[in-house]
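Undergrad: The following block contains a protein sequence and its predicted model.
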Amino acid sequence: MSRGLEIDFETADRITVTTLKDQLEYLKKDIKYFEADDEKKAKLKEKWGYQPYVHPEDYTNAKTKLIPALELMIAYFGG
């Protein structure tokens, strides 16, 4: 009977670290945009090709909880 896909621990850790780093960068971009003045927001929008929407509650949650947690997990997995 097949057990599905199996990968070694090192590969699983690399996938995890990559996913966590991607999410961290996404949140940091949102924070950067939220904290920017109107001129910087226009430049970021042009550079990124889109304008992120960041709700104030999401900003607070990302800055105080999610980003520190992601940084801790990335360090734990050796990233």
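TA: Arrived safely. Numbers count the residues shown, from 1 in each chain.

Undergrad: for L27, what are its contacts?
TA: L27 makes contacts with 62, 66-67, 70, as judged by Cβ atoms under 8 Å, 6 or more residues apart in numbering. For every residue, glycine as well, the C-beta is placed using N, CA and C.

Undergrad: Quick one: those residues as JSON lines, columns for secondary structure too.
TA: Shown next, in JSON lines, are the contacts of L27 (DSSP: H, G, I helix; E, B strand; the rest coil):
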{"residue": "A62", "secondary structure": "helix"}
{"residue": "L66", "secondary structure": "helix"}
{"residue": "I67", "secondary structure": "helix"}
{"residue": "L70", "secondary structure": "helix"}
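
Undergrad: In those, which residue is surrounded by the most others?
TA: Ranked by neighbour count (other Cβ atoms under 10 Å), the contacts of L27 have L70 at the top, with 22 neighbours.

Undergrad: Surely it is in contact with D22?
TA: No - under the criterion of Cβ atoms under 8 Å, L70 makes no contact with D22, lying 9.9 Å away.

Undergrad: tell me the two of the contacts of L27 that are most distant?
TA: The most widely separated members of the contacts of L27, counting by Cβ to Cβ, are A62 and L70 (9.4 Å).

Undergrad: buried set for the helix or strand hosting F34?
TA: Element membership of F34, judged by DSSP states H and E, is helix 9-35. By neighbour count with 16 or more other Cβ atoms under 10 Å, helix 9-35 contains the buried residues 16-17, 20, 24, 27, 30-31, 33-34.
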